[in-house]
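1. Requesting a structural model of the entry that follows:
(2 chains)
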Protein chains: 2
Amino acid sequence: MTGSGSQDARAAAAGTAPSPGGARAWARYFRRVVPYVPGEQPAGDRLIKLNTNENPYPPAPGVAEALRQMDAGALRRYPDPTAGALTNALAARYGLRPEQVFVGVGSDDVLGTAFLTFFNSDRPILFPDVTYSFYPVWAGLYKIPYETRPLDADFRIRPEDYGGANGGVVFPNPNAPTGCLMGLSEVEDILRRNPDVVVIVDEAYIDFGGVSALPLLARYENLLVVQTFSKSRSMAGIRIGCAFGAPELIKAMLDVKYSYNSYTMNLPSILLGVEAVKDEAYFQETVGKIVSTRERAKERLSQLGFAFTDSYANFLFIRHRTVPAAELYEVLRAHRIYVRYFSGPRVSDYLRVTVGTDAQMEELYRFLETYLNGR
Amino acid sequence: MTGSGSQDARAAAAGTAPSPGGARAWARYFRRVVPYVPGEQPAGDRLIKLNTNENPYPPAPGVAEALRQMDAGALRRYPDPTAGALTNALAARYGLRPEQVFVGVGSDDVLGTAFLTFFNSDRPILFPDVTYSFYPVWAGLYKIPYETRPLDADFRIRPEDYGGANGGVVFPNPNAPTGCLMGLSEVEDILRRNPDVVVIVDEAYIDFGGVSALPLLARYENLLVVQTFSKSRSMAGIRIGCAFGAPELIKAMLDVKYSYNSYTMNLPSILLGVEAVKDEAYFQETVGKIVSTRERAKERLSQLGFAFTDSYANFLFIRHRTVPAAELYEVLRAHRIYVRYFSGPRVSDYLRVTVGTDAQMEELYRFLETYLNGR
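-> Numbering: from 1, shown residues only, chains lettered A, B, ... in the order given. Okay, the predicted model is just below:
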């Protein structure tokens, strides 16, 4: 598949397009995008929410303590535009220098800034056909030509597909929504094929059993590793994403960011983010619990007749051998168990199920067993 | 002055430009921007910080209380992408419907999104030559052609300059860094001259004595009013900006925003922002104090030999009749009183002095009196 700015309708909207509102000539110059409907965020206590890959455990105890101790009076001042406390904490945690760390408002902000900063070639950037849905959106927004590369029959990325003349490469590892993991040697294979462009490894889910590409930073100055606080650090509500790379890459991203919005990380993000990074024991404990629950889920779901990719993320990508995914999605929803269903090509047979607590997952298995037996 | 994407070096960087890092071919495709140095944020107790237009008073007491009561556990979930609690509070405060309200990460985020959403014409957008420095930056970022219109000799916007064929209009009221205010009839004059494009009134400083253009929303569907929590609401550290407009304008901005970053307002922003909006009495009290201090400052500074625009903002734009601004900036700085000095054309004779507390301002007058007498 090839695309080039398909989301961007500036050209189509300008000049000759009819004014949608009759007399409202000004509406002619609106940027038209494919309207996005935010994911379902059902409210209430009696529900099991396994649809947005949130962590079932609260953030580190230090986060609650920092909230209690935060000085509201300090909010009258602008926050540190460098978010120095947070970048220093991340650098210390990962054995990097602060000038190798960039932080932004969620990994979407970080990835969008990286696209804007690094993908300014006339050649197409490359990413998988089944992957994070925002890659083509940012490419459209910034008029970056792109080509997708199909996953293989087992939903795996083939490193050999990511070579040749291109404007850059981006892929998640583990991939979404499949959870499939590449080993470090495969990631390095892609880097070796692309010495002349920036390669972005989107590691939103790496902490749940994968091996991060961070050690490769020592040898590849064109590598950018992106992570998030929304999954393994239980802080989707605080909106923190981060990128690690050579100082030259980070400086280029900072220059771009400062040039259009100097202050994006608010004071609570900086203060609470530091606490999440500092508590390594809690991080390991909660991640360990999720990994255990996920591996148990593979056994249980297999017994219930499901097939799935070997996910290394905090979700499972599952397909029942006889019952359609759309049907299961609806009956689960009616039972107030929320999972994610994608209707796109190649994935419409599957459900993406976030790994919750053991208790939540047991209720899922119980319901599925009853439903599948009574069908 | 005319510009068109001068900040954007994609064309220059692509293809034939030499690789800055020798072997680092990937660096050839970096977006090159004019590096921005964030404003000075000096630390320490023994200083008077009048350089970034922060409010000298803390946020409303309810903000501190909401911090104490915030449930850290709720941070594990994604925040409400619509920031509904905050948009509802703002709608109630200003007598609007929630679908007339947009919120973003500071007014820079809101203004940037508005530029991206509304300014897609091939005709140039118009703004003053002396104004907020990010307007030409966003125009460059999104490749929006623009033209500037000179302020008159008294640093005033001339409404009659903002007519004719154009792609949109944006101006701050009061203007920055002059503080000069236009009355509602002048703002309406600009709207009447521009029925076919979106007109953005950037009201970052409107609460300090100006009359907001919000009542004009009832008659002008192409008007967007942008405000911020960073000045009159004492919350620069939380990063909240907002826009008010016809539902069609707000929906277009939301569609664009959701299309590339769904979750930008973090949970603390939403919860603390609501508290700031709810406490109208505290808001009026602190704004009133700043206005009183500013009006007293006009008298005192006049006695000390300063000339200035008639600022309606929380800052003064002052010029001494005999002593150069650059000299005063330096001696104040040496005395740990920080003000802002701009070296650009037309403004290099001036200092921008944020209105602090009465005590801070008294120390400023004392120092200036001593210095000017002893010079």
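
2. Would you mind measuring from A:Ser259 to B:Phe134?
-> 9 Å (CB to CB, to the nearest Å). C-beta: built from backbone N, CA, C; applies to glycine.

3. Which residues of the stretch 251-375 of chain A lie near chain B?
-> Listed as neighbours of chain B in the stretch 251-375 of chain A under the rule CB under 8 Å from any CB of the partner chain: A:252, A:255-256, A:258-269, A:272.

4. If you rank these by neighbours, which is first?
-> A:Leu272 (30 neighbours; other CB atoms under 10 Å in any protein chain shown).

5. Contacts only, for that residue.
-> A:59, A:63, A:66-67, A:235, A:238, B:72, B:75, B:268 (CB atoms under 8 Å, 6 or more residues apart in numbering or on different chains).

6. Show me which helix runs longest in chain A.
-> Secondary structure of chain A per DSSP state H: the longest helix is helix A:280-303.

7. which of the residues in it are buried?
-> Within helix A:280-303, the residues scored as buried using 16 or more other CB atoms under 10 Å in any protein chain shown are A:282-283, A:286-287, A:289-291, A:293-294, A:297, A:301.

8. Let me have those residues in CSV, extended by pLDDT and distance to B:Phe315.
-> Listed next are the buried residues of helix A:280-303 as CSV, based on pLDDT from 0 to 100; distance: CB to CB, whole Å:
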residue, pLDDT, distance to B:Phe315
A:Tyr282, 98, 45
A:Phe283, 98, 44
A:Thr286, 98, 47
A:Val287, 98, 48
A:Lys289, 98, 52
A:Ile290, 98, 50
A:Val291, 98, 54
A:Thr293, 98, 55
A:Arg294, 98, 55
A:Ala297, 98, 58
A:Leu301, 98, 62
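
9. now, which of the residues you listed sits nearest A:Ala276?
-> Proximity of the buried residues of helix A:280-303 to A:Ala276 was ranked by CB to CB; the top entry is A:Phe283 with 7.7 Å.

10. from memory the closest one sits against A:Ser232, does it?
-> Yes: judged on CB atoms under 8 Å, A:Phe283 makes contact with A:Ser232 at a distance of 6.9 Å.

11. Which neighbouring elements make contact with the longest helix of chain A?
-> Applying 3 or more CB pairs under 8 Å, 6 or more residues apart in numbering or on different chains; DSSP states H and E, we find helix A:280-303 packed against strand A:306-308, strand A:315-320, helix A:358-374.

12. and among those, the most buried is which?
-> Ranked by mean neighbour count under mean count of other CB atoms under 10 Å in any protein chain shown, these are led by strand A:315-320, which reaches a mean of 24.

13. Show me what the helix or strand following that strand is in contact with.
-> Sequence order places helix A:325-334 as the next helix or strand after strand A:315-320, per DSSP states H and E. For helix A:325-334, contacts defined as CB under 8 Å, 6+ apart pick out A:319-320, A:338-339, A:341, A:343, A:348-351, A:364, A:367-368, A:371.

14. and the residue nearest to A:Val277 when sequence neighbours are not counted, what helix or strand is that in?
-> Computed as CB to CB, 6 or more residues apart in numbering or on different chains, the closest residue to A:Val277 that is not its neighbour in sequence is A:Ala89, at 4.3 Å. Using DSSP H and E, A:Ala89 sits within helix A:84-94.

15. Ok, A:Glu275 next?
-> According to DSSP H and E, A:Glu275 maps onto helix A:267-278.

16. okay, that helix in CSV with CA atoms only?
-> Extracted C-alpha coordinates of helix A:267-278, given in CSV (Å, rounded to 0.1, in the frame of the first residue of the first chain):
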residue,chain,number,x,y,z
LEU,A,267,4.2,20.5,36.8
PRO,A,268,2.2,17.4,37.9
SER,A,269,3.6,15.4,35.0
ILE,A,270,7.1,16.3,35.9
LEU,A,271,6.8,15.6,39.7
LEU,A,272,4.7,12.5,39.5
GLY,A,273,6.6,11.1,36.5
VAL,A,274,9.8,11.2,38.6
GLU,A,275,8.2,9.2,41.3
ALA,A,276,7.1,6.5,38.9
VAL,A,277,10.6,6.1,37.5
LYS,A,278,12.3,6.0,40.9
